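In: Attaching a predicted model along with its sequence, questions to come.
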Amino acid sequence: HPTGIGIICHPKRLTNCFLRKIISIMIEDYLKNITSYTGTKILLDDFVKNKIRFYKGYRNQDLGGLSKNYVSGLSPAISRRIITENEIVKQISKHVQYNDVDKFVDEICWRTYWKGWLEHRPAVWHDYLDDLTYFNDNNKKYDIYHRAIDGETGLECFDAWVSELKEYGYIHNHARMWFASIWVFYFDIPWQLGADFFYRNLLDADPASNTLSWRWVSGLQTKGKRYIASKSNIDRFTGNRFKFPENFYVKEKEIIDSRVYEPKMNIQYQNSSPNYKKGILIHEEDLSLSFVEKNIPIMMQYKTHNPFGQTSLPVDLANRSIENSIERCKKKFGSNIVTTFDWSDPQKLRKWISDHNLEMIEVTAPTVGKFESLIPSTLKNMNVEISYKYHDWDLSFWRFSDKGFFKLKKQIKKIVGPIWDGPLFSGV
């Protein structure tokens, strides 16, 4: 080049810069798609056409990045219900036989199971938050914790996963298990701090699946069963991408926690009375618009509620998801019927109720997490009835989520059967 700019760039450095640029473009395309209903359907269609047939055999392979792995990447949209489980199952059923994709359906149901299990035992989440307060005050002073979250432990695989998590908000599900096992059993850091680190950074962070998965790895979720990472297993499923110290060995130990949680679920379902003048409140846990009706006033939050300190990546994704859902709602039901507010300013919600003379608010029932207390406490003194709405998918599976996953797994075909749209599968 006449300017000489090309001359001063080392070929390898230029290649790395080019690759990072390509990766950046791919990630931006992914974020653009995963935050909208139309885009999520595009991602689903691409997964069905190109990867789903390989999911069963290669789902545990972490080949270094979402685009290389044989997974759907839909979890950020599922966790916010930008797209529903019913829609996903119905779409894949048009193209494949159930027995060829049963592992993928199982994986969707695992997320539902975790949600249901925690609905039966909300005290697990509340105790975790209490534990976190204690460990934040006591264990964060230790050097190994700070080196772990900074990705400076010297253990190549672990530091690479930290970098991937912080830069992209993503780690392959199998790598999350290795990561948690190394965190708890190799570095000897409390699992609660690891769960918090994941929750703050993951794009698909969810109180149930995140907290309970860390408990499972630690041997608390299923008593006597803990997950121990090994060099051979990591090598096998990462294509020997990482180097290990000669003495690397994750030693099994018991994590002591004597607390017992008995299952008890409180469904706050209330039928909407046709005689009430009602409005619909939409929060970020359910952006599906499934319960929206025509000519009914709609109130939507316009930015994410972030009480647990999530980082800019998941906050930005949540805000983009909310913005896209607001636009979708306006196009579908009319911009004049949609009002927006922020949870930090409930007075706008109160004014909306007053201006429309509303007597009842219909809202998707909040699950255990940041909205379980906020929604009822906010509406409590606004002189309105609350009608909590539940997705049939959740109610169908949560009945079987009070114990181990196998109890729910036995019901999957029966529940999914009526949704399946395509070649029938046997055993239903």
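Out: Structure received.

In: okay, now I361: neighbour count?
Out: Using other CB atoms under 10 Å, I361 is surrounded by 24 other residues. C-beta: built from backbone N, CA, C; applies to glycine.

In: for it, helix, strand, or coil?
Out: The assignment at I361 comes out as strand when based on DSSP: H, G, I helix; E, B strand; the rest coil.

In: So, low pLDDT: which residues of the stretch 251-400 of the chain?
Out: By pLDDT under 70, the weakly predicted segments of the stretch 251-400 of the chain are 269-273.

In: before we move on, what about the stretch 51-200 of the chain?
Out: Ranges of the stretch 51-200 of the chain meeting pLDDT under 70: 139-141.

In: All the helices of the stretch 101-250 of the chain, in order from the start?
Out: Applying DSSP state H, counting those that start in this stretch to the stretch 101-250 of the chain gives helices spanning 123-138, 143-149, 156-168, 173-181, 191-201, 207-218, 231-238.

In: between the ones you listed, which one is nearest to K94?
Out: When the helices of the stretch 101-250 of the chain are compared by CB to CB, helix 173-181 sits nearest K94, at 25.5 Å.

In: Can I get that closest one in CSV, CA atoms only?
Out: C-alpha atoms of helix 173-181 as CSV (Å, rounded to 0.1, in the frame of the first residue of the first chain):
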residue,chain,number,x,y,z
ASN,A,173,-22.7,-26.3,29.0
HIS,A,174,-20.1,-29.1,29.4
ALA,A,175,-17.4,-26.5,30.1
ARG,A,176,-19.6,-25.0,32.8
MET,A,177,-19.5,-28.3,34.6
TRP,A,178,-15.7,-28.6,34.3
PHE,A,179,-15.4,-25.0,35.4
ALA,A,180,-17.6,-25.4,38.5
SER,A,181,-15.8,-28.6,39.4
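
In: which other helices and strands contact that helix?
Out: Identification of packing neighbours for helix 173-181 by 3 or more CB pairs under 8 Å, 6 or more residues apart in numbering; DSSP states H and E yields helix 156-168, helix 191-201, helix 207-218, helix 231-238.

In: Switch the ones you listed over to CSV; also include mean neighbour count and distance to I108.
Out: Listed next are the helices and strands packed on helix 173-181 as CSV, based on neighbours: other CB atoms under 10 Å; distance: least, CB to CB, whole Å:
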stretch, mean neighbour count, distance to I108
helix 156-168, 19, 22
helix 191-201, 23, 20
helix 207-218, 24, 11
helix 231-238, 16, 21
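
In: Model confidence for the residue nearest to the spatial centre of the chain, exactly?
Out: For the chain, the residue nearest the mean C-alpha position is D204 (3.1 Å; CA atoms, centre = their mean). We have a pLDDT of 97 for D204.

In: Name all residues that make contact with D316.
Out: D316 is in contact with L31, counting by CB atoms under 8 Å, 6 or more residues apart in numbering.

In: Could you check how far it is from G169?
Out: 9 Å (CB to CB, to the nearest Å).

In: Also S72?
Out: Distance of S72 to G169, given as CB to CB: 16 Å.

In: Could you pull up the residues touching D421?
Out: Contact analysis of D421 by CB under 8 Å, 6+ apart lists 90, 93-94.

In: Among these, name the buried ones.
Out: Buried subset of the contacts of D421 (neighbour count, 16 or more other CB atoms under 10 Å): S93.

In: Pick the one among the contacts of D421 closest to S321.
Out: Ranked by distance to S321 (CB to CB), the contacts of D421 are led by K90 at 21.6 Å.

In: what's the nearest residue to the closest one if we skip its chain neighbours?
Out: Leaving out its chain neighbours, the residue that sits closest to K90 by CB to CB, 6 or more residues apart in numbering is D421, at 5.0 Å.

In: give me the element the spatially closest residue to K103 that is not a sequence neighbour is part of.
Out: Distance criterion CB to CB, 6+ apart; nearest residue to K103, sequence neighbours excluded, is K56 at 4.6 Å. K56 belongs to helix 52-58 when assigned by DSSP states H and E.

In: Show me what counts as buried in that helix.
Out: 52, 55.

In: now do stretch 289-297
Out: For stretch 289-297, burial by neighbour count (16+ other CB under 10 Å) applies to 289, 291-292, 296-297.

In: and if you look at stretch 136-151?
Out: Within stretch 136-151, the residues that qualify as buried are 145, 147-149, 151, counting by 16+ other CB under 10 Å.

In: now the residues you listed in CSV, with distance to G64?
Out: Shown next, in CSV, are those (distance: CB to CB, whole Å):
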residue, distance to G64
Y145, 26
R147, 23
A148, 21
I149, 21
G151, 16
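
In: Turn the helices and strands packed on helix 173-181 into a markdown table, including distance to Y388.
Out: Shown next, in a markdown table, are the helices and strands packed on helix 173-181 (distance: least, CB to CB, whole Å):
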| stretch | distance to Y388 |
| --- | --- |
| helix 156-168 | 34 |
| helix 191-201 | 25 |
| helix 207-218 | 18 |
| helix 231-238 | 42 |
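
In: Ok, which of these comes nearest L132?
Out: With CB to CB as the criterion, L132 lies closest to helix 191-201 of the helices and strands packed on helix 173-181, at 5.0 Å.

In: which outside residues touch the closest one?
Out: Under CB under 8 Å, 6+ apart, the answer for helix 191-201 is 128, 131-132, 135-136, 139-140, 145, 148-149, 165-166, 169, 176, 179-180, 183-184, 205, 207, 210-211, 214-215, 217-218, 220, 255, 308-311, 313-314.

In: Among the buried residues of stretch 136-151, which one sits closest to I267?
Out: Nearest member of the buried residues of stretch 136-151 to I267, counting by CB to CB, is I149, at 38.1 Å.
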